[in-house]
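A.B. asks: Structure for the following, please:
(one chain, ligands or ions: 2)
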Amino acid sequence: MDEQGEVKVKNPWHRPAFIFLAAFIILGIVIMVAISVVQNKPLPQKYKYGIVLDAGSSHTSVFIYEWPAEKENNTGMVQQKHTCNVKGKGISSYDADPDGAGKSLQDCMVEAKQIIPAHRHTETPVYLGATAGMRLLKMKDEAASEKVLTSVEHSLKTYPFSYQGARILSGQEEGAFGWITVNYLSENLNKPTGTLGALDLGGASTQITFIPQQDIESNDNSIDFRLYGNDYHLYTHSFLCYGKDQALKISMSKKLVSSHAAYKTDPIELRDPCFHPGYNTTKTVQSVFNTPCIKAVNFSSGYISHVGLGNWSQCQQSIRKVFNTSRCAYSKCSFNEVFQPSVDGQFGAFSAFFFVMNFLNLTSDSLATTKQKLATYCSTPWGKIVKNHPGTKEKYLSEYCFSGTYILTLLEDGYNFTSENWKDIHFIKKIRDSDAGWTLGYMLNLTNMIPAEAPDTPLMPYGGYVTFMILFTLFILVLLLLAYLYFRQSSRKAQKGII
Ligand SMILES: Nc1ncnc2c1ncn2[C@@H]1O[C@H](COP(=O)(O)OP(=O)(O)O)[C@@H](O)[C@H]1O
Ligand SMILES: [Ca+2]
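C.D. replies: Ligands and ions are numbered 1, 2, ... in the order given. Sure, this is the predicted structure:
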């Protein structure tokens, strides 16, 4: 009994205070880990949505974007969830029937209501941005352009979303937001890697935007951004009337004006090297001259007999006349006296640049091969072209020779790309499943989703943090166990010594 009494006194582990302390430490660690795991646990993913309507000159597309609610300021988080193509033509074609513009959006907006979860509807912003078609309508008939915008506004306000406005974008905005989109999607904005220049070809205008190596000599062409802690000094220019549909009209009108036949015959004969041999279609003079991009001319007839010749080099000669390169008041110009630094770096060429070059299978050849293949394509008889592409809209099909040649001439003679840097042009439709175009950049900007400064990042990712806390706790437990074993052994020795 005495022996046992002595052991009790000598073994420190049997002191209640020590046991209490050890239990308290373990409990404290367990509570700490439990709280931090629960506190930092990512909530079940909640998504937010945004809608942007791209009211282009040829048609309107509705884009629905989606992003995880907690990560809206991280780069690359916003994704395109759905697109809907509005039936019919662009809103600028409703100048004589403004109500029709608003009505045309109905089907796609109903679709948006079905795609976005109902509880998110009221907080989902809707933006409509109109581009060059509406810029031209505003030049031609400002009152009509306002009526069209009012009509789409009334229509968009009837849906449960948060309507944020319908407006005409400036050419600079269109160029800059296209650049933001491609660089956001390529995750270039928060990395020290280079950025991607943006080339956008529409029906009524075309944009070029990139970071140049030299000074920007004209203020109109300069845009500055601070994104994720980096300063960007961009060159941008939008050529109104140089989208492929307006360029075709300008090119046809020049041919008509310079041809003597045009003033005498009925219908006027337009022999066009940019259309396939065997192509022969009657068009109205009005369909070519109905644009503020061309001065009105009087002809003997209201009709044109448009006859294809299929001669690529003559076609290119005729397209060169659309670009005025004779004067430049700066150190360098693209065309029409517009300042442009030398193109630099990699470029993403989207919208009609992609549609046309992809159709022609010309997205990955050298400049020389591209020209050769295009020349062969243009000389292919129209009958054969129609037979080979039964599913393609005849209007698009008849114009691919012109459009391909226009793209080549715009890039080489207009923007001064060469056979050396031709490979730097990447014809793209999508980046990581989202369309390249101005709409995403526009929404990111208006919702402040690209912060000027880089957001604070946690010390370690969530998974790493939990692992660290578990390992750290185990480490402490093992230490306590070892300490226990050590003390037990030493107290036994002490016990034996006493015996
Ligand atoms: N599959 C296609 N093939 C050829 N061209 C196309 C195709 N889809 C769209 N396009 C063309 O792309 C252009 C899109 O321009 P759009 O965005 O409407 O005008 P803008 O940007 O000048 O306001 C139009 O010229 C249209 O005809
Ligand atoms: Ca466009």
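A.B. asks: Residue 278 and residue 248: what is the separation?
C.D. replies: As for residue 278, its distance to residue 248 is 19 Å (criterion: Cβ to Cβ, to the nearest Å). C-beta here means a position set from N, CA and C on the backbone, and glycine is covered the same way.
A.B. asks: okay, those two: which has more neighbours?
C.D. replies: residue 248 (20 against 16; other Cβ atoms under 10 Å).
A.B. asks: how far does the biggest helix by length in the chain sit from the chain's center?
C.D. replies: Under DSSP state H, the helix in the chain containing the largest number of residues is helix 462-498. Distance of helix 462-498 from the chain centroid (Cα atoms, centre = their mean, to the nearest Å) equals 57 Å.
A.B. asks: wait, is residue 126 part of a strand?
C.D. replies: Yes: under DSSP: H, G, I helix; E, B strand; the rest coil, residue 126 sits within a strand.
A.B. asks: Was I right to think it contacts residue 161?
C.D. replies: Yes: using Cβ atoms under 8 Å, residue 126 is in contact with residue 161, at 4.5 Å.
A.B. asks: who touches both of the two?
C.D. replies: Common contacts of residue 126 and residue 161, defined by Cβ atoms under 8 Å, 6 or more residues apart in numbering, comprise residue 51.
A.B. asks: what does the average pLDDT come to for stretch 110-128?
C.D. replies: Stretch 110-128 comes out with an average pLDDT of 98.
A.B. asks: With stretch 485-499 instead?
C.D. replies: Throughout stretch 485-499, pLDDT has a mean value of 72.
A.B. asks: Tell me which residues touch the residue of the stretch 201-350 of the chain at minimum distance from ligand 1, please.
C.D. replies: Nearest residue of the stretch 201-350 of the chain to ligand 1 (Cβ to the nearest ligand atom) works out as residue 202 at 2.2 Å. Residue 202 is in contact with 56, 57, 58, 131, 132, 243, 244, 351, 352, counting by Cβ under 8 Å, 6+ apart.
A.B. asks: among those residues, which are in reach of ligand 1?
C.D. replies: 56, 57, 58, 131, 132, 243, 244, 351, 352 (Cβ under 6 Å from any ligand atom).
A.B. asks: and the longest helix of the chain, what other elements does it pack with?
C.D. replies: Identification of packing neighbours for helix 462-498 by 3 or more Cβ pairs under 8 Å, 6 or more residues apart in numbering; DSSP states H and E yields helix 2-10, helix 16-40.
A.B. asks: Helix 462-498 and the longest one, what's the angle between them?
C.D. replies: Read that as helix 16-40. 170 degrees (axes from the mean of the first three to the mean of the last three Cα atoms, to 10 degrees).
A.B. asks: measure whichever residue of the stretch 1-150 of the chain sits closest to ligand 1 to ligand 2 for me?
C.D. replies: Using Cβ to the nearest ligand atom, the closest approach of the stretch 1-150 of the chain to ligand 1 is made by residue 56 at 2.6 Å. Separation of residue 56 from ligand 2 (Cβ to the ion, to the nearest Å): 4 Å.
A.B. asks: How about the contacts made by that residue?
C.D. replies: Contact analysis of residue 56 by Cβ under 8 Å, 6+ apart lists 90, 131, 132, 133, 202, 203, 204.
A.B. asks: So what's the residue count around the third one?
C.D. replies: Put plainly, it is residue 132. Residue 132 has 31 nearby residues by other Cβ under 10 Å.
A.B. asks: Report pLDDT for it.
C.D. replies: At residue 132, the pLDDT value in this model is 98.
A.B. asks: Identify the residues contacting it.
C.D. replies: For residue 132, the contact set (Cβ under 8 Å, 6+ apart) comprises 56, 57, 171, 174, 202, 203, 204, 205, 238, 240, 243, 246.
A.B. asks: Can you lay out those residues as CSV showing secondary structure and pLDDT?
C.D. replies: Shown next, in CSV, are those (DSSP: H, G, I helix; E, B strand; the rest coil; pLDDT from 0 to 100):
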residue, secondary structure, pLDDT
56, coil, 98
57, coil, 98
171, helix, 98
174, helix, 98
202, coil, 98
203, coil, 98
204, coil, 98
205, strand, 98
238, strand, 98
240, strand, 98
243, coil, 98
246, helix, 98
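A.B. asks: Buried ones among the residues you listed?
C.D. replies: Buried subset of these (neighbour count, 16 or more other Cβ atoms under 10 Å): 56, 57, 171, 174, 202, 203, 204, 205, 238, 240, 243, 246.
A.B. asks: measure the third one to ligand 1 for me?
C.D. replies: Right, the one you point to is residue 171. 10 Å (Cβ to the nearest ligand atom, to the nearest Å).
A.B. asks: Who does the closest residue in space to that residue that isn't next to it in sequence form a beta bridge with?
C.D. replies: Spatial nearest neighbour of residue 171, excluding adjacent residues (Cβ to Cβ, 6 or more residues apart in numbering): residue 238 at 2.5 Å. Taking DSSP bridges, one obtains residue 207 as the residues bridged to residue 238.
A.B. asks: near ligand 1 at all, stretch 140-153?
C.D. replies: No: judged by Cβ under 6 Å from any ligand atom, stretch 140-153 stays clear of ligand 1, getting no closer than 13.3 Å.
A.B. asks: how near is the closest residue to ligand 2 within the stretch 101-250 of the chain to residue 354?
C.D. replies: Closest contact between the stretch 101-250 of the chain and ligand 2, by Cβ to the ion, is at residue 202 (3.6 Å). From residue 202 across to residue 354, the span is 12 Å (Cβ to Cβ).
A.B. asks: One more: residue 310?
C.D. replies: Counting by Cβ to Cβ - residue 310 and residue 354 are separated by 24 Å.
A.B. asks: ranges for the helices of the stretch 151-300 of the chain?
C.D. replies: 171-185, 244-258, 285-289 (DSSP state H, counting those that start in this stretch).
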